[in-house]
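>>> any chance you could fold what I've pasted below:
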Amino acid sequence: MAPAAMAVLRAVLPAPTAYGRAMATWGGLSVLGATAGNLLSGVIAELLSWRWTFAVPLAVAGAALALTPRLLPDIAPNRGRALDLPGALLATAGITLASYGLVVVTGAPLRSSAGVLVPLLGGTALLGAFWYAERRARDPLLPPRFLLDRRRGLALMAIALSACGTAMTFVILSLHLQQARDWSPMRTSAAFVPFAVALIASGRAAGPLIGRYGAGTVMAAGLGTGAAGLALLALTGLDADTAYAYGLLPGLVLLPAGAAASFAGAAVLATYGVPPARTGLAAGVLNTAMEFGPTVLLAVLLTLGSDAWSLAVTAAALAAVALLNHRAERPVRTERSVRVK
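Predicted structure coming up:
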């Protein structure tokens, strides 16, 4: 649904400036949806049952189905391109196998477990076959050159890592608060209210900041801020004897403030300069990066050691992408200054 919705958004707002502002908002809304689910889940589990959490997306889907014919334009499909079915099958099977291998990883060394190595190696081989098939396909699902743009690649890395960082925080802290501190589901959800407030505030500010300082600068600043928040949580957030006010709260404010800004800037960069005919492709790649973070990257990082170590490594990865983006933006700024002179 997400790639299709982004393609429709391009048709509704064809002007580059308006579309850029819309993509900045899109980036903030993406992480806000996950946060809202985390807040509501505790309330629903406390008052009703965890099974009722699945009613929320059903209600949203029902409302969308009812409103879509009335509010969105009827866009004619492009019949000139063929569906890359082999590419779709190879990509889906490769990601599924690799993810399954990460899910079944245990404390045993990888080389001693065929149940882990076979899906991991098989998934990697299928993804390699997917890359080879895309180079030869007439209408590839993912043209290899599409990912060679340096700024787009960094933006996709920023989206995946930011999504991974926020999902990791939800998982680790939700378990920590209920198991180590014996908090109820309702109180655990309430602990993330400042997270949601900071996320909304940063998301609202991201659009004007991108218009003034540029998407790359805002993305890098957001990555750095998010890295600081994750580092604080790794240092003090998992100590059951440390008070919430100064052990958890600072990280729960810095991380969402940075995540919303990095998402907004990265969403603009990931779709910048893409021809209208390839908006769906850009949207699909962006959405894949957004889902890749909380699944594959999260599974990988959680196998590295303790929870604090996983948070710290994610913080270091965010900081590294921020530094790479700063170096990538420098030639662009230099070129612009020469042109002005």
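>>> please count neighbours and contacts with C-alpha atoms only from this point.
Noted.
>>> ranges for the strands of the stretch 201-341 of the chain?
Applying DSSP state E, counting those that start in this stretch to the stretch 201-341 of the chain gives no strands.
>>> low-confidence ranges in it?
328-341 (pLDDT under 70).
>>> repeat the analysis, applying 90 as the threshold.
Per-residue confidence for the stretch 201-341 of the chain (pLDDT under 90) gives these ranges: 201-216, 236-248, 260, 263-310, 323-341.
>>> A160 against T295, yeah?
No. Using CA atoms under 8 Å, A160 makes no contact with T295, being 9.6 Å away.
>>> which one's more surrounded, the two?
The residue with more neighbours, out of A160 and T295, is A160; 26 against 18, by other CA atoms under 10 Å.
>>> count of residues packed around the closest residue to that one other than its chain neighbours?
Spatially, and ignoring its direct neighbours in sequence, A160 is nearest to G293 (4.2 Å; CA to CA, 6 or more residues apart in numbering). By other CA under 10 Å, 25 other residues sit near G293.
>>> look up how far L233 lies from G293.
19 Å (CA to CA, to the nearest Å).
>>> same question for R278.
Using CA to CA, R278 is found at 40 Å from L233.
>>> of the two, who's got more company?
L233 (26 against 13).
>>> quick one, what contacts the more buried one?
Shown in contact with L233 (CA atoms under 8 Å, 6 or more residues apart in numbering): G247, L248, G251, L252, A308, L311.
>>> ok, 10 Å please
169, 173, 227, 239, 247-252, 254-255, 308, 311-312, 315 (CA atoms under 10 Å, 6 or more residues apart in numbering).
>>> do the same with Y132
Y132 neighbours (CA under 10 Å, 6+ apart): G87, L126, P144.
>>> again with A4
If you count contacts by CA under 10 Å, 6+ apart, A4 has them with T279, G280, L281, A283, G284.
>>> of these, just say which sits nearest to G273.
Distance to G273, by CA to CA, is smallest for T279 among these, at 9.8 Å.
>>> the closest one against L9, yeah?
Yes. With contact defined as CA atoms under 10 Å, T279 reaches L9; the gap is 9.4 Å.
>>> so for these two, which residue has more residues nearby?
Per other CA under 10 Å, whichever of T279 and L9 has more neighbours is T279, with 22 against 17.
>>> so what's that one up against?
By CA under 10 Å, 6+ apart, T279 lies in contact with P3, A4, M6, A7, V8, L9, R10, A11, T271, Y272, G273, V285.
>>> from the residues you listed, which is closest to A264?
Using CA to CA, the contacts of T279 come closest to A264 at T271, 11.3 Å.
>>> burial count for the closest one?
What T271 shows, counting by other CA under 10 Å, is a neighbour count of 24.
>>> just the one 5 residues further on next, same as before
As a burial measure, P276 scores 14 neighbours (other CA under 10 Å).
>>> next: A59.
Using other CA under 10 Å, A59 is surrounded by 11 other residues.
>>> repeat that for T242.
12.
>>> so what's the residue lying closest to it once chain neighbours are set aside up against?
Distances taken as CA to CA, 6+ apart put T236 closest to T242, at 7.0 Å, once the chain neighbours are dropped. Applying CA under 10 Å, 6+ apart to T236 gives the contacts T242, A243, Y244, Y246, G247, L248, P250, G251, A308.
>>> buried only: go through those for me.
Listed as buried from these are G247, L248, P250, G251, A308; burial here means 16 or more other CA atoms under 10 Å.
>>> can I get those in JSON lines including distance to V116?
Below are the buried ones among the contacts of T236 laid out as JSON lines (distance: CA to CA, whole Å):
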{"residue": "G247", "distance to V116": "37"}
{"residue": "L248", "distance to V116": "35"}
{"residue": "P250", "distance to V116": "38"}
{"residue": "G251", "distance to V116": "34"}
{"residue": "A308", "distance to V116": "25"}
